[in-house]
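> pasting the sequence and the predicted coordinates here, then a few questions.
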Amino acid sequence: MPGMFGGILQLVMAVILVVNVLVPTIKNANITGWSSSESAVFGLASLAAIFGLVNGIANLFGLGY
């Protein structure tokens, strides 16, 4: 039970960090002058963070690999 409580707390903190820090930073970035590949890779950071959160939730409930 303590492991599950710690996992839930860790996921809550990760969600807060992604929503309040990572996504606004990516959305408000000045990408003028960047090539299309640079801006695409920069935009994938939020997708990778969301995938990490989903993977963390799956691992918390024993559904991960």
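Good, I have the coordinates. No experiment lies behind these values; they were computed from the predicted model shown. Numbers count the residues shown, from 1 in each chain.
> could you use CA atoms for every contact and neighbour count after this?
Noted.
> distance from the one helix or strand V41 maps to to the middle of the chain?
Element membership of V41, judged by DSSP states H and E, is helix 36-60. Relative to the chain's own centre, helix 36-60 is displaced by 5 Å; criterion: C-alpha atoms, centre = their mean, to the nearest Å.
> which residues touch that helix?
Contacts to helix 36-60, defined as C-alpha atoms under 8 Å, 6 or more residues apart in numbering, come from residues 4, 7-8, 11, 14-15, 18, 22-23, 26, 31, 64-65.
> filter these down to the ones in helices?
4, 7-8, 11, 14-15, 23, 26 (DSSP state H).
> where does this protein have low pLDDT?
Filtered on pLDDT under 70, the chain yields the residue ranges 1-3, 64-65.
> what's the burial count for S35?
9 (other C-alpha atoms under 10 Å).
> sorry, back to before: for the helix holding V41, buried residues please.
For helix 36-60, a neighbour-count test (16 or more other C-alpha atoms under 10 Å) marks 39, 46, 49-50, 53, 56-57, 60 as buried.
> relative to L63, how far out is K27?
31 Å (C-alpha to C-alpha, to the nearest Å).
> before we move on, what about F42?
Taking C-alpha to C-alpha, one finds F42 at 29 Å from L63.
> related to what we said a few turns ago, filter the ones in helices among the contacts of helix 36-60 down to the buried ones.
7-8, 11, 14-15, 23, 26.
> any idea which residue sits dead centre in this protein?
Against the mean C-alpha coordinate of the chain, by C-alpha atoms, centre = their mean, the closest residue is A49 at 2.1 Å.
> follow-up on the earlier one: may I ask which two of the contacts of helix 36-60 are separated the most?
The largest separation in those, counting by C-alpha to C-alpha, is between M4 and I31 at 40.3 Å.
> sorry, back to before: tell me which of the ones in helices among the contacts of helix 36-60 is nearest to S35?
Nearest member of the ones in helices among the contacts of helix 36-60 to S35, counting by C-alpha to C-alpha, is I26, at 15.9 Å.
> give me the nearest residue to the closest one, chain neighbours excluded.
With C-alpha to C-alpha, 6 or more residues apart in numbering as the criterion, I26 has its nearest non-adjacent residue at 6.8 Å, and that residue is G43.
> right, I'll call it a day here.
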